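S.K.: how would this look folded up:
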Amino acid sequence: MPSQATPRQEASRKPQRPKANPRIPKTLPLLLPEQRPEFSNRGRTVRVLTSFARFFAGFLLEELVWRIPLVAWLRGGRSRRRNPERLRELLEELGGAFIKFGQLFSMRSDILPPVYCAELGNLFDNAPPFPSEEARAIIERELKRPIREIFVHFDDEPIGAASFGQVHLATILDGHEERQVAVKVCRPGSEQTIEIDGRLLLLLGLIVDSLGLLGRIKLYPVFKDFVRWTRREINYLQEGKNADRLHELTHWNPRQRIPYIYWDKTTTRVLTMEFLDGIPISEIIRRHEAGDPTLDEELAAFCCDRVTIARNVWQTFLLQAFVGQVFHGDPHPGNLIVLPENVIGFIDFGLQGRLNEESRREQGIMLDAVSKENIEKLFMATLDVLDAPRGLLVTDTYDEFCESADAWLDACDNPGAPMSEKTLNRLVASSMQIARQVGLVLAPHTMLFYKGLLTIDSVVLRVNPEFDYKKETRRALRLIRMRELDKLYAPGSVLDTALLTQLLLTHLPDFAASRIQDFEQGQRLIYRKLNLVPVVVSGLLRVGGWSSTALGLALIAHQFHRLEFLWKLPDTEIFRRIFDHLQPYTLLFFLLAIALSWSATFFKNRSFVKVQREE
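M.R.: Numbering: from 1, shown residues only. Next up is the predicted model:
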């Protein structure tokens, strides 16, 4: 551990945090000139809806064309499609919350095919910094003091910038000692951008769900969780509380460091925290991949080495999730700082995940199966994590999963295997394939855990390409179980168990008498009975909706002379005349498709009826 004393160790009394979060203002008077026209409510709405309408039209047209056997034959089997690339370009063009949305969905392989996830993984948040004068004005307005009274020194040049904020270095006077701090300032207009883009995303989710474009998978709940997370991410009071909570629940871990939050200099739009003076892991990865021969020597002078750094990153994340039950939700290389003696510092706590008891148990079984190379146990644990229904026919899926898992375990045993074969993403992708095949969507907390896990996976393999997952997972599981035993047999835990047992024994007679009375009187049971008529009607309506959509797209293609190759075929003149006659009614076919899809959803929701029975 570093010898330097931390502010937590020196402070006799921690500043009291606010009891309630102030409401985030709906609008801000301070906006960049170039942001005012772009993020106005009406203009932003029209632009986003128009852009996505063009994308969906092109998406459906490309998918429809590629399903024609003649087209695939003419292309000679080359089926490179531009839809994934067009989606990435669309999100980059829209900017704002859509960049965050694309980065999150790059991990949602339970919803999107792998080719889309890979393309969205190339999204970068390259927002330019806003002027330091505006940052100073925000700080003074939020803290209600001149900046010279708050900081001994404030660096106008930001050390980092993103879509919703940027970070400046500053110096404060802590008692009689000067300390360097990092000051995070919210970008002007961020709250307005989140509100507008959030409403648009929810609207797009409703449209996609109503049209049934993803089958049984529903996007609206996923978008709703994303908007909620993003709103919390730009509330810096919440970010400070996340950091304090993570420190409180994992302070016993000597492998990590959580910066101290200066609450008297923190508001919803300004966050002041201890500056961790170390080496960013992103810098270590960049120099290692560039073949820098001096990297290992510099790390050794820092009392660090790449093997231990990768091990501590992996163990720290698992200890956070399984022992502390909270974990850093975005541990990418830029948010991890290497401190002396291989200690890992975390920054940027806007996104924090939690695992409940059931999720911890299921994920623990998966890790145990990986450490023991038990593929059958790993598959069953995967079904439990996905909350797959009992009796699900998974014979073909089981064979594919076992083949993929076995290849991944073999690659882990081979020190010379390429990173693409050792990455944990191969194992998670097999699990997500099961989810897509049966129409299951992971719970938000589980998906956030996988997002963090895959991010950590990329970090450890790029820092140490010879990282042994099975060996390091066994070590992490031992640490987790030792910590659980310490918690279980601590004096406070034993006392709580004794008091709970006494309480249960006291109320046991009343509980038994109540159950006996219920048994004697009988209970009215409510169960659900399947009604097949709405199911059949819903299926027919959905087929009609898809047919109407396909016909509308074909009419658009005919209007732009994209079907000329079909009309050149013999006996197609009558179809050409029909298309010419129907062309003025193209919009009606899309409206009819929406109406039929809504009707199909209406009837499907009524396929079960409640029935009461007297026992």
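
S.K.: Show me the shaky parts of the stretch 501-615 of the chain.
M.R.: 502, 504, 511, 515-535, 605-615 (pLDDT under 70).

S.K.: swap in the stretch 101-250 of the chain?
M.R.: For the stretch 101-250 of the chain, the ranges with pLDDT under 70 are 107-110, 124-127, 213-217.

S.K.: could you pull out the helices for it?
M.R.: For the stretch 101-250 of the chain, applying DSSP state H, counting those that start in this stretch gives helices covering 114-120, 132-143, 147-150, 190-211, 220-233, 236-250.

S.K.: Who does the closest residue to residue 135 other than its chain neighbours form a beta bridge with?
M.R.: Excluding its sequence neighbours, the residue lying closest to residue 135 (Cβ to Cβ, 6 or more residues apart in numbering) is residue 185, at 4.6 Å. (Each C-beta comes from the backbone N, C-alpha and C, glycine too.) Note on residue 185: beta-bridge partners by DSSP bridges are residue 166, residue 270.

S.K.: neighbours around residue 185, how many?
M.R.: Number of residues near residue 185 (other Cβ atoms under 10 Å) recorded here: 25.

S.K.: distance of it from residue 266?
M.R.: 11 Å (Cβ to Cβ, to the nearest Å).

S.K.: same check, this time on residue 562
M.R.: 57 Å.

S.K.: And this structure, split by domain according to the record?
M.R.: With domains defined by automatic domain parsing, the chain comprises 1-27+128-186+235-275, 35-127+212-220, 279-487, 491-516, 529-614.

S.K.: so can I have JSON lines of these showing distance to residue 226?
M.R.: As requested, these are exported to JSON lines (distance: least, Cβ to Cβ, whole Å):
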{"stretch": "domain 1-27+128-186+235-275", "distance to residue 226": "14"}
{"stretch": "domain 35-127+212-220", "distance to residue 226": "6"}
{"stretch": "domain 279-487", "distance to residue 226": "9"}
{"stretch": "domain 491-516", "distance to residue 226": "37"}
{"stretch": "domain 529-614", "distance to residue 226": "22"}
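
S.K.: quick one: which of the helices of the stretch 101-250 of the chain is nearest residue 537?
M.R.: With Cβ to Cβ, the closest approach to residue 537 among the helices of the stretch 101-250 of the chain belongs to helix 190-211: 16.8 Å.

S.K.: From the contact counts, what lies against the closest one?
M.R.: Contact here means 3 or more Cβ pairs under 8 Å, 6 or more residues apart in numbering; DSSP states H and E; on that basis helix 190-211 packs against helix 41-66, helix 97-105, helix 220-233, helix 586-604.

S.K.: could you give the angle of that helix to helix 41-66?
M.R.: 40 degrees (axes from the mean of the first three to the mean of the last three Cα atoms, to 10 degrees).

S.K.: Just the C-alpha atoms of helix 190-211, please, in PDB.
M.R.: C-alpha atoms of helix 190-211 as PDB (Å, rounded to 0.1, in the frame of the first residue of the first chain):
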ATOM      1  CA  SER A 190     -26.500  18.100 -20.700                       C
ATOM      2  CA  GLU A 191     -29.700  17.900 -18.700                       C
ATOM      3  CA  GLN A 192     -31.700  19.300 -21.600                       C
ATOM      4  CA  THR A 193     -30.000  16.900 -24.000                       C
ATOM      5  CA  ILE A 194     -30.800  13.900 -21.800                       C
ATOM      6  CA  GLU A 195     -34.400  14.800 -21.400                       C
ATOM      7  CA  ILE A 196     -35.000  15.300 -25.100                       C
ATOM      8  CA  ASP A 197     -33.000  12.300 -26.300                       C
ATOM      9  CA  GLY A 198     -34.500  10.100 -23.500                       C
ATOM     10  CA  ARG A 199     -38.100  10.900 -24.600                       C
ATOM     11  CA  LEU A 200     -37.100  10.100 -28.200                       C
ATOM     12  CA  LEU A 201     -35.500   6.800 -27.300                       C
ATOM     13  CA  LEU A 202     -38.600   5.800 -25.400                       C
ATOM     14  CA  LEU A 203     -40.800   6.700 -28.400                       C
ATOM     15  CA  LEU A 204     -38.500   4.700 -30.700                       C
ATOM     16  CA  GLY A 205     -38.800   1.700 -28.300                       C
ATOM     17  CA  LEU A 206     -42.600   1.900 -28.400                       C
ATOM     18  CA  ILE A 207     -42.600   2.000 -32.200                       C
ATOM     19  CA  VAL A 208     -40.200  -1.000 -32.600                       C
ATOM     20  CA  ASP A 209     -42.100  -3.000 -30.000                       C
ATOM     21  CA  SER A 210     -45.500  -2.300 -31.500                       C
ATOM     22  CA  LEU A 211     -44.200  -3.400 -35.000                       C
END
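
S.K.: buried stuff in that helix?
M.R.: Neighbour-count burial for helix 190-211, with 16 or more other Cβ atoms under 10 Å as criterion, is recorded at 190-198, 200-205, 207-211.

S.K.: Same check on stretch 331-341?
M.R.: 331-333, 335-340.

S.K.: Filter those down to just the ones in strands.
M.R.: 336-339 (DSSP state E).

S.K.: quick one: buried residues of stretch 257-271?
M.R.: Using 16+ other Cβ under 10 Å as the test for burial, stretch 257-271 gives 257-263, 265-271.

S.K.: How is residue 465 assigned, secondary-structure-wise?
M.R.: With DSSP: H, G, I helix; E, B strand; the rest coil as the basis, residue 465 sits in coil.

S.K.: ok, and the closest non-adjacent residue to it?
M.R.: That would be residue 419: by Cβ to Cβ, 6+ apart, it lies 5.8 Å from residue 465.

S.K.: what do you get for residue 339?
M.R.: Nearest to residue 339 is residue 278, by Cβ to Cβ, 6+ apart, at 4.3 Å.

S.K.: Quick check, that neighbour in contact with residue 336.
M.R.: No: Residue 278 is not in contact with residue 336 according to Cβ atoms under 8 Å; the separation is 9.4 Å.

S.K.: any common contacting residues for the two?
M.R.: residue 345 (Cβ atoms under 8 Å, 6 or more residues apart in numbering).

S.K.: Quick check, residue 156 in contact with residue 169.
M.R.: No: taking contacts as Cβ under 8 Å, residue 156 lies outside contact range of residue 169: 9.9 Å.

S.K.: More neighbours: those two, which one.
M.R.: Per other Cβ under 10 Å, whichever of residue 156 and residue 169 has more neighbours is residue 169, with 17 against 11.

S.K.: For the closest residue to that one other than its chain neighbours, list the residues it contacts.
M.R.: Distances taken as Cβ to Cβ, 6+ apart put residue 155 closest to residue 169, at 4.3 Å, once the chain neighbours are dropped. Going by Cβ under 8 Å, 6+ apart, residue 155 touches 168-170.

S.K.: repeat that with 10 Å
M.R.: Applying Cβ atoms under 10 Å, 6 or more residues apart in numbering, we find residue 155 in contact with 132, 167-171, 180, 183.

S.K.: Just give me the closest of these to residue 288.
M.R.: So of those, ranked by how close each gets to residue 288 (Cβ to Cβ), first place is residue 167, at 24.7 Å.

S.K.: As a check, name the ranges of all strands in the chain.
M.R.: Using DSSP E, strands in the chain cover 153-154, 160-161, 165-174, 177-186, 256-257, 270-274, 279-280, 326-328, 336-339, 343-346, 352-354, 524-530, 608-614.

S.K.: Same list (these) but as TSV, adding distance to residue 386.
M.R.: Output for these, formatted as TSV (distance: least, Cβ to Cβ, whole Å):
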stretch	distance to residue 386
strand 153-154	50
strand 160-161	37
strand 165-174	35
strand 177-186	37
strand 256-257	30
strand 270-274	37
strand 279-280	35
strand 326-328	20
strand 336-339	29
strand 343-346	29
strand 352-354	18
strand 524-530	22
strand 608-614	23
